[in-house]
Each structure stands twice: as C-alpha cells, then as structure tokens.
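1. Predicted coordinates and the sequence they were generated for:
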Amino acid sequence: MTELIYPQMPERSLVVLIGPSGSGKSTIARTWPASQVLSLDALREVVSDDAGDQTATGDAVAALHLLLEARMRRRLFTVVDATNVTRSAREPLIAAAKRHDMLPIAVMVATPGSVCIERQGPRPANRTVPEDVVIKQHKDMVDSHRTLKAEGFSEIVFSDSLYRLLPFLERLSETRQADLGLDGSAGLGDLNLVSRVFGAEILPLWQWKPGSNVADGDRVAEIRLGQQYLTLALRTDVDGEGDVGFDVMVPCPHDDECTSRAWVPAYSVTCLFRALNGDLDDDEDIVCTAHGPKNGDEQDDDLEAQDLEVIHG
Ligand code: GDP
Ligand code: MG
C-alpha cells in the first residue's frame with residue numbers, strides 16, 4: 001500500500017515531461033485522462049498519418065502550441081508528452097503557462113540510457129529512435145537539470161516520486177464499475193459480454209433483435225453499418241457445461257441455393273471480419289440448420305482416405 005502521493009499537483013499546473021525516447025514518458029502520461037495529455041507523437045500522426053515521421057515535427061509542434069494555448073487559457077491541468085530535452089523546446093511551454101497564471105512543473109523521466117536504448121527494440125520500425133540520438137537526448141536531459149529552475153519551472157520533480165499507479169488504477173476501476181452499473185448508472189448490462197468478446201468499439205453498431213426467431217429461440221443481434229451487416233446468435237450452452245458464446249451467420253457451405261441458416265462460432269472480432277469477408281465460408285465448424293455440419297461429408301472423405309491407407313499400407 002502506498003500512503004504517500006507526492007506531490008499533489010495543483011489543478012492549475014502544466015506538467016512538462018522531460019526524457020529521452022523510451023524513458024517512459026507516454027506510459028506515465030497515460031495515467032492521466034487522455035484529454036489532459038498533449039502528445040507530440042500523437043500530433044505527428046494527426047498531421048502525417050505516421051507518429052514517427054520526423055519531417056512532420058514542425059507542424060506537430062505548431063499544433064501542440066496551439067492546443068496548449070487553448071488549454072492554458074482555460075486554466076486546465078495539462079501534461080505535455082514530448083522529449084522536451086532542449087531549452088528551446090521548453091521555453092514556449094513555460095511561456096504559455098505563465099501567460100495564464102498556470103504553474104509549470106518539470107517532470108524528469110530519468111531512466112538509465114541503457115534501458116531507453118533497450119526499449120527501442122520491440123517498437124515498430126517507424127518509432128525506433130537510433131541509439132546515438134537516444135544517447136544525445138539522455139545527455140541533454142541530464143544537462144537540463146541544472147537550468148530548469150532558471151528557465152522558470154516552479155517545481156522540478158523526478159517521475160519516480162509521482163506515485164501515479166494508484167490514480168491510474170482508480171480511473172480504470174471507475175470505468176469498470178460504470179460498465180458494470182455498480183456506480184448507480186444503468187451500465188453496459190448485457191453488452192458487457194459483447195464488449196469482452198468483440199471489443200468496446202463494436203458496441204455502437206450492436207443491436208439486439210428481440211423477437212427474431214432466426215436462431216431457434218436463442219437471442220439474435222445485428223452488427224450493421226449502412227448496408228453491410230452481420231447476424232449473430234448468443235448461444236447459452238456452447239460446450240454442454242453452460243458456457244456462453246456467439247455464432248455468426250454465414251452462407252450454407254453445402255448448397256448455394258440453400259435458404260436455411262448456417263452458423264459458425266465467432267470468438268473474436270477477427271472472426272467477424274473473416275465472416276463478412278467470406279473467409280469463413282468454408283470453415284469446418286459451420287453448421288447449417290438444414291444440412292448439418294460442414295465437415296460431415298469431409299469426415300467421410302477422411303475416413304475413406306484412412307481406409308485406403310490401411311488397405312494399401
Ligand atoms: P517514451 O518514449 O518516453 O514515451 O516511453 P514509453 O512510455 O513509450 O515507454 C517505453 C516502454 O517502456 C513502454 O512500452 C513500457 O513497456 C516500458 N515502460 C516505461 N515505463 C514503465 C514503467 O514505469 N513501468 C513498466 N512496467 N514499464 C514501463
Ligand atoms: Mg512516447
């Protein structure tokens with residue numbers, strides 16, 4: 001248990017993260033609500049579709065300054081997630097805070113250089129920063145420490161002393177409680193299962209179809225966007241042990257003319273994608289309500305092959 005939360009950041013603060021690539025700036029930034037974080041990588045992606053496109057840095061910095069000004073004017077707590085290892089990068093941030101009586105706080109993310117370099121390894125190619133650049137950023141950060149006070153920062157703290165895990169878990173917990181309706185709201189209700197299986201992004205397209213009888217009495221739902229849609233059935237006993245799961249409707253694999261419904265298990269959003277794309281049309285787990293399992297006759301073929309093998313050795 002962590003008793004101490006240091007420092008309690010005043011509401012009217014601008015937190016400027018300072019650290020080389022891979023030091024953990026974005027990890028700590030994510031402990032605050034997304035709306036409070038201005039991320040240079042994210043803005044690079046907004047202006048260029050590529051968070052690692054260094055030629056987009058000028059435009060991204062301009063966008064960051066514009067957004068920062070708008071938030072400072074409203075006296076809103078803000079975190080800037082960028083390396084900020086040079087004085088010239090920090091100066092306009094401090095100036096924006098001071099223009100609006102906000103408290104600029106420098107947060108040094110002082111992770112050892114060797115760790116920052118190691119962390120480049122698993123990153124996608126466009127986000128990997130060369131070793132010599134990381135070393136230079138690390139040196140610049142260390143050198144910065146002496147001058148931060150003179151630059152105008154009201155406080156200088158090391159990220160280690162922020163104790164952000166507790167508020168991070170608190171925020172995640174609040175979201176979870178709200179989903180479950182334990183905060184007095186209606187909650188997601190029966191959409192919790194949908195969210196767990198297919199992801200929360202599907203929820204706005206999800207519609208239960210009460211009264212639909214296409215799944216032999218099981219609950220039916222539709223995922224629709226314009227004219228494209230999928231029909232799903234909620235199965236309440238998929239394994240004879242009471243486990244629940246979804247089937248998605250696909251064409252009958254036995255007969256192009258068949259108008260009965262065929263179903264195949266949908267375990268994740270990938271199954272939904274493949275079902276709509278036609279990639280599951282020959283799946284061996286398809287069961288047609290009229291013709292039965294897809295693999296019914298294939299099993300016969302397999303048996304035949306095995307028999308032949310036995311006969312011919
Ligand atoms: P940035 O380049 O400074 O934004 O660094 P990131 O925040 O992207 O950190 C790089 C990786 O280091 C992350 O994906 C995490 O896996 C890891 N990491 C950074 N800080 C922490 C930390 O405090 N705890 C843990 N467990 N992992 C961290
Ligand atoms: Mg980052």
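-> Arrived safely, thanks for sending. Ligands and ions are numbered 1, 2, ... in the order given.
2. When you work out contacts or count neighbours from here on, use the C-alpha atoms and nothing else.
-> Will do.
3. so who does His291 touch?
-> Applying Cα atoms under 8 Å, 6 or more residues apart in numbering, we find His291 in contact with His254.
4. Need phi/psi at it.
-> In terms of degrees, to the nearest 10, the main-chain angles of His291 are phi -100, psi -10.
5. next one: Thr78
-> Listed backbone geometry of Thr78 is phi -140, psi 140, with angles given as degrees, to the nearest 10.
6. Assign the residue in the stretch 201-313 of the chain that ligand 1 sits nearest to to helix, strand or coil.
-> Checking the stretch 201-313 of the chain residue by residue against ligand 1 with Cα to the nearest ligand atom singles out Glu201 as nearest, at 22.7 Å. In the three-state summary, Glu201 is assigned as helix, counting by DSSP: H, G, I helix; E, B strand; the rest coil.
7. Let's see the pLDDT reported for it.
-> Confidence at Glu201, expressed as pLDDT, is 96.
8. Identify the residue nearest the residue in the stretch 51-200 of the chain that ligand 1 sits nearest to in space, chain neighbours excluded?
-> Nearest residue of the stretch 51-200 of the chain to ligand 1 (Cα to the nearest ligand atom) works out as Arg119 at 5.7 Å. Take Arg119 and drop its neighbours on the chain: the residue closest to it by Cα to Cα, 6 or more residues apart in numbering is Gly22, 5.6 Å away.
9. The residue nearest to the residue of the stretch 201-313 of the chain closest to ligand 1 when sequence neighbours are not counted: neighbour count?
-> Nearest in space to Glu201, with sequence neighbours left out and distances taken as Cα to Cα, 6+ apart, is Ser195 at 7.8 Å. With neighbours defined by other Cα atoms under 10 Å, the count for Ser195 comes to 16.
10. Was I right to think Ser195 contacts Ile202?
-> Yes - counting by Cα atoms under 8 Å, a contact exists between Ser195 and Ile202, whose distance comes to 7.3 Å.
11. and Ser268, how far is that from Trp206?
-> As defined by Cα to Cα, to the nearest Å, Ser268 lies at a distance of 14 Å from Trp206.
12. Return the mean pLDDT over stretch 11-27, rounded to an integer.
-> For stretch 11-27, the mean per-residue pLDDT is 97.
13. what's the span of that stretch from first residue to last?
-> This stretch, stretch 11-27, spans 21 Å end to end (Cα to Cα).
14. Cool, thanks, signing off.
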